[in-house]
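J.: Let's see this in three dimensions:
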Amino acid sequence: MSRALAARYYTDPEIFSAELDAVFARSWVMVGHESQVAEHGQVLTATVGDESVFVVNNRGQLGAFYNVCQHRGHELFPPQRPGGDEFSVPGLMTCPYHAWVYNLDGTLASARSRDVGEICLPPVRMEQLGGFVFVNLDHGALGLAQVAPGVESELLANAPAAPERVLSWRNTHLVRANWKVAVENYNECYHCPNVHRSFTTGVVDPASYRIRCEGDVIRHAAKGAPPSQSGYTRLGEGADYVAYFVWPASAIQVYPGQVVNTFRWIPLAVDQTLLVREFWLDTAEPSDVQREVIDLDWQTTATEDFGLVESVQRGMSSRGYRPGPLVCEPSGVGTVHSEDSVAHLGQLAVTALGDRAG
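T.: Got it, this is the predicted structure:
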């Protein structure tokens with residue numbers, strides 16, 4: 001019988017530090033959408049583990065780089081907004097500290113008229129999936145299509161317009177829990193009938209909910225709730241719910257009505273995670289109906305989870321906690337009555353850490 005991970009995996013700062021390298025520096029992490037860098041000179045910044053990176057459009061070609069000047073380490077684009085920022089630059093990128101200037105391909109254009117040799121910003125590997133931009137700090141890692149086989153075609157079958165969508169809304173929340181507590185909660189629906197009444201009555205048919213784990217991808221699928229019960233069906237055609245979680249901390253969802261939305265979890269400390277919740281619609285400004293659905297989602301399902309995961313984090317620090325058995329289906333396919341995905345995520349974490357967990 002599978003059991004939950006030992007509490008130290010969620011509370012030990014040394015394990016958290018090891019994860020930043022063993023997990024986040026070696027995995028595909030979603031940072032945004034190609035629509036955010038659709039024009040020449042547009043820049044998108046993001047945090048990957050403990051690193052700051054940016055994606056830039058250089059005459060139609062996207063490139064990704066570490067967000068650090070090669071002079072004395074100042075960030076080229078200082079953080080301003082949780083979850084990432086968007087900028088437009090006039091064909092060149094200038095460091096705010098000593099005004100070293102870089103071309104959009106990362107090469108140094110000027111060091112204030114001094115000859116300092118050939119210098120280039122360190123590149124970051126970048127690939128796209130259904131319009132969404134992912135990066136990987138490990139240049140030797142398998143490609144995104146190999147890590148998440150079939151996800152792009154499945155996403156486009158359920159939301160053909162996903163590559164053309166734009167960011168319409170972003171909510172962020174500092175969750176006082178380890179990132180694994182947060183993604184485990186997201187990936188199991190064992191708690192859904194008890195906690196998420198609006199989700200299990202107004203978004204999906206809980207009896208049809210299935211969760212399938214394969215490698216770095218966890219697929220969620222369910223029939224949509226009857227149109228008479230769901231506000232989401234007012235947003236367009238399409239009756240089913242699908243979600244694709246890509247290890248370690250990215251998820252793309254399609255709600256009934258082809259409502260494309262994403263989760264990103266950014267680890268800040270062993271007991272702090274920034275949740276970035278975004279909706280990708282046809283226009284940058286949501287309609288009144290769309291805004292109503294976005295608010296409903298945030299005020300119910302998202303907010304209901306905050307208290308849950310923070311309580312779990314506190315419980316992990318209790319002297320009285322002992323990891324319990326996980327309720328799993330013999331088939332390995334999760335339902336609203338099992339937590340197979342938690343066992344799968346635990347195995348991914350243990351495998352990635354190797355002997356670093358002690």
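J.: Verify the contact between Arg356 and Val23 for me.
T.: No. The pair Arg356 / Val23 is not scored as a contact, 10.1 Å apart, by Cβ atoms under 8 Å. All C-beta spots, glycine's among them, are computed from the backbone N, C-alpha and C.
J.: Give the residue from those two that has the larger number of neighbours.
T.: Val23 (22 against 13; other Cβ atoms under 10 Å).
J.: returning to that earlier point: give the residues shared as contacts by Arg356 and Val23.
T.: Shared contacts of Arg356 and Val23, defined by Cβ atoms under 8 Å, 6 or more residues apart in numbering, are absent.
J.: Just the buried residues of the worst-scoring helix or strand of the chain on mean pLDDT, please?
T.: Every helix and strand in the chain was compared by mean pLDDT, DSSP states H and E; the lowest is helix 197-202, with a mean of 80. By neighbour count on 16 or more other Cβ atoms under 10 Å, the buried set for helix 197-202 is Ser198, Phe199, Thr200, Gly202.
J.: do stretch 115-128 as well
T.: Leu121, Val124, Arg125, Met126, Glu127.
J.: Low-confidence stretches in the protein?
T.: Within the chain, the stretches with pLDDT under 70 are 227-239.
J.: where exactly do the helices run in it?
T.: Remark: helices assigned in the chain by DSSP state H are 8-11, 13-19, 144-147, 151-158, 179-187, 192-195, 197-202, 288-297, 303-316, 340-353.
J.: Adding distance to Val101, write those helices out as TSV.
T.: Formatted as TSV, the helices of the chain follow (distance: least, Cβ to Cβ, whole Å):
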stretch	distance to Val101
helix 8-11	44
helix 13-19	35
helix 144-147	32
helix 151-158	37
helix 179-187	36
helix 192-195	52
helix 197-202	50
helix 288-297	40
helix 303-316	43
helix 340-353	39
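J.: ranking the ones you listed by burial, who's on top?
T.: Scoring those by mean neighbour count under mean count of other Cβ atoms under 10 Å gives helix 179-187 as the most buried, with a mean of 24.
J.: Which strands and helices lie in contact with that one?
T.: helix 8-11, strand 240-246, strand 259-269, strand 272-281, helix 303-316, helix 340-353 (3 or more Cβ pairs under 8 Å, 6 or more residues apart in numbering; DSSP states H and E).
J.: Buried residues, the third one. List them.
T.: Going by neighbour count (16+ other Cβ under 10 Å), the buried part of strand 259-269 is Val259, Val260, Asn261, Thr262, Phe263, Arg264, Trp265, Ile266, Pro267, Leu268.
J.: any idea how far the first one is from Glu152?
T.: Note on Val259: its distance to Glu152, by Cβ to Cβ, to the nearest Å, is 19 Å.
J.: can you check the fifth one too?
T.: Phe263 sits 18 Å away from Glu152 when distances are taken as Cβ to Cβ.
J.: wait, doesn't Asp93 sit right on Leu104?
T.: You called it Asp, but residue 93 is Met. Yes. The pair Met93 / Leu104 is scored as a contact, 6.9 Å apart, by Cβ under 8 Å.
J.: Could you check which of those two has the larger neighbour count?
T.: Met93 (24 against 21).
J.: residues touching Ala302, list them.
T.: Contacts of Ala302 (Cβ under 8 Å, 6+ apart): Asn171, His173, Leu275, Arg277.
J.: which one of those sits closest to Val48?
T.: Leu275 (15.7 Å; Cβ to Cβ).
J.: what about that closest one, neighbour count?
T.: Neighbours of Leu275 using other Cβ under 10 Å come to 24.
J.: hang on, it packs against Ala177?
T.: No. The pair Leu275 / Ala177 is not scored as a contact, 9.9 Å apart, by Cβ under 8 Å.
J.: Return the set of residues that bridge with Phe263.
T.: Phe263 forms beta bridges with Ala251, Arg277, as assigned by DSSP bridges.
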